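*Asks:* Need coordinates for the following:
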Amino acid sequence: MANEIELHAYMGLSDLFRERGWTNPYAFGVERELSGPELLQALDIGARSVEVIFVNRKAYAADIALIRPGDRVALVPPGVPGPHRFLLGFKNR
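*Replies:* Here you go, the predicted model:
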């Protein structure tokens, strides 16, 4: 649907989704553009729980990400090992 984002969670965040009874990916309704912090607040996920937000396959620091209805979004927590950080494109975050 146009007013939803396709939201994916990785590592420990996928456990949180499961605990909340959310699918992964999860269709989350958004009515307008949201910043990364606004999205995390709407999801009731603490800012320290997410290091990187992928928006349409591009990595952004969680505090500067912008999410629009229709986007594909992935939440990645801190603790991703070094080689994976490089491969995912956020080695310097």
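
*Asks:* Just confirm residue 75 is within a strand.
*Replies:* Yes. Under the criterion used here (DSSP: H, G, I helix; E, B strand; the rest coil), residue 75 sits inside a strand.

*Asks:* how deep is residue 32 tucked in, by neighbour count?
*Replies:* Here the number of neighbours of residue 32 (other CB atoms under 10 Å) works out to 9. C-beta coordinates here come from the backbone N, C-alpha and C atoms, glycine included.

*Asks:* Relative to residue 51, how far out is it?
*Replies:* 25 Å (CB to CB, to the nearest Å).

*Asks:* Ok, residue 74 next?
*Replies:* When CB to CB is the yardstick, residue 74 and residue 51 sit 12 Å from each other.

*Asks:* Is the one residue sitting closest to the centre of the chain bridged to anything, and to what?
*Replies:* Centrality entry for the chain: nearest residue to the mean C-alpha point is residue 75, 2.5 Å, by CA atoms, centre = their mean. Residue 75 forms beta bridges with residue 9, residue 53, as assigned by DSSP bridges.
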